[in-house]
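Chemist: sequence plus predicted model, see below.
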Amino acid sequence: MRRIQLKTLTALSVILLSFPVQADDKSIVVDNDKTVDMAISIYNNNLAFVKDTREVKLDKGYNRTAFVGVASQIRPETAMLFGNGIKVIEQNYDYNLLTPQNILAESVGKTVKTALYNEKTGETVFDTAKIIESNYGAPILQFSYGIETNFPGRIIYESLPQNLRAKPTLVVDLENDKQASKKLELAYLTNGMSWKADYIADITADDTLSINGWITLKNESGVDYKDARVQVIAGNINQVSTVSAMPRMMKAMGRMAMNVNYDAVETASVTQESFADYYLYNLPVRTSINNNQSKQVSLITKENVKFEREYKLVSPLYLGLGVGESDFEKQNPDVVFKIENKAASNLGIPMPQGIMRFYENDSKGSLLFAGESNVQQTAVGEQMKLTTGRSFDIFAKGKVANVKSIAKDLTEAEAEITFNNAKSEAVTVVFEQNFGGGWEIVSESIKGVKKSAHAMEWKVNIPAKGKTVLTYKVRLMKK
């Protein structure tokens, strides 16, 4: 769809009033509920930007039209109206909906018909009464014979209150340059829309897996979105109590979204592009998202993605100035999948935040669930480290001994960690030890690497069905 050329942009804060919309000698309210184009940009954090285009017949001069069926969770202060040759005078959000309680409340002071069924005679007795008070749905009625506070019958209304709507409605008063049928785009933010990413990782070999990603859309905004152009936005967008800067951002987003050629990618997969400091994922075809509905759309499919399986154990031993002897028994290392988000690893695409679930075949070729891990927003070039559980066949035990003070604020301690491997193949465990205060490794049986100011790391190779012992002496000091 070609973008409507917009000559006039009016952004007004919507007045949160529900008032009787009545025809007068200047205008007639035209209910407009036929959408000709719908576009939605959905964020992670319960927020969506809706662009609802409708064709409206306008007279020259003053007009009043109603956008029936906007989201019930609309943020009215963000509403904007785009159109050719129009000037918005006033916008009113009618959120007083047509319900039995609201009809009753709006009819206080009026005379209504009543119907009371007589079970003995089988007849319905009709009467009239004045509604004195709605009383939260239990009305107080004044009949000719007296006042009823618990009337067991039915109330019959001759007409509906004019200010009640079946659906949330935005009523717009505007000036129009000439009589014509025009396309008006109403743009607004609404809560109640969200999306998330889920990934399925099928481990196909010792160092490769396939990844299938899905986008799950969720609509609780109070309205259906039919045949909509949808894009989801990955990134943490800031929201503040004031919306003074919002119109500029939404205008830019509206222009960008309307330039996307969705018809050209109907049979393609989800496309992606950068936007400001966020990332967009455009769904390839139009889709309908009904209220109170979740929908899944394919995001990515990648085969032969390279990974490295790592076993990592963070030592539970405390080693700091004033340390005493301590030990631990049978600690199993974490199983960590390390994936480089690069083209060389057959990946190399922006990965939105989500959950990755791993599956692997057993010895008989039966697929089993192998654990899951949170995927943080991962840019191209970053590494993902995904912990799926703990290894059953690998475990370690350790102790701190020979602790002695060699000077004021200076202590030496020796540590011994024994690693066991019950697997039929050799493995490597990354062992990390954290230190409190100042520290220095005096001696070690396996060469380690200083990872930070507070941590040392050793890569311990353990033979199949064997064990390896790591020992080191550390000098602990006051910084």
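Modeler: Great, that's in hand. Residues are numbered from 1 along each chain as shown.
Chemist: contacts, neighbours, all on C-alpha from now
Modeler: Will do.
Chemist: can you give me the helices for the protein?
Modeler: Secondary structure of the chain (DSSP state H): helices located at 100-106, 246-258.
Chemist: out of those, which gets the lowest mean score?
Modeler: When the helices of the chain are ranked by mean pLDDT, helix 246-258 comes last with a mean of 39.
Chemist: stretch 440-455 - what's its average pLDDT?
Modeler: On average, stretch 440-455 scores 95.
Chemist: got the contact list for that stretch?
Modeler: Applying CA atoms under 8 Å, 6 or more residues apart in numbering, the contact partners of stretch 440-455 are 432-437, 456-460, 470-476.
Chemist: could you redo the last one with a cut-off of 6 Å?
Modeler: With contacts defined as CA atoms under 6 Å, 6 or more residues apart in numbering, stretch 440-455 is touched by 433-435, 456-458, 470-475.
Chemist: now stretch 127-139
Modeler: By CA under 6 Å, 6+ apart, stretch 127-139 touches 101, 104-105, 108-114, 140-143.
Chemist: and if you look at stretch 220-240?
Modeler: For stretch 220-240, the surrounding residues in contact (CA under 6 Å, 6+ apart) are 38-43, 71-73, 192-193, 278-283, 286-292, 352.
Chemist: and that stretch, which residues are buried?
Modeler: 220-235 (16 or more other CA atoms under 10 Å).
Chemist: list the contacts of the closest residue to Lys87 other than its chain neighbours.
Modeler: Nearest residue to Lys87, sequence neighbours excluded (CA to CA, 6 or more residues apart in numbering): Glu175, at 5.0 Å. By CA under 6 Å, 6+ apart, Glu175 lies in contact with 61-62, 86-87.
Chemist: what pLDDT does the closest residue in space to Lys312 that isn't next to it in sequence get?
Modeler: For Lys312, ignoring the flanking residues on the chain, the nearest one in space by CA to CA, 6+ apart is Val430 at 4.6 Å. Per-residue pLDDT puts Val430 at 98.
Chemist: the chain should start at 530 in everything you say after this.
Modeler: Happy to do that; since the first residue is 530 now, the last one works out to Val959.
Chemist: kindly provide the distance from Val959 to Asp856.
Modeler: As defined by CA to CA, to the nearest Å, Val959 lies at a distance of 19 Å from Asp856.
Chemist: now for this protein, the helix or strand with the poorest mean pLDDT.
Modeler: Least confident helix or strand of the chain, by mean pLDDT, DSSP states H and E, is strand 537-540 with a mean of 30.
Chemist: low-confidence ranges in the stretch 580-729 of the chain?
Modeler: The model of the stretch 580-729 of the chain has pLDDT under 70 over residues 624.
Chemist: mind redoing it with 80?
Modeler: The model of the stretch 580-729 of the chain has pLDDT under 80 over residues 623-627, 691-695.
Chemist: just to revisit the earlier point, tell me the one of the contacts of Glu704 nearest Leu828?
Modeler: Set against Leu828, the nearest of the contacts of Glu704 by CA to CA is Ile615 (40.0 Å).
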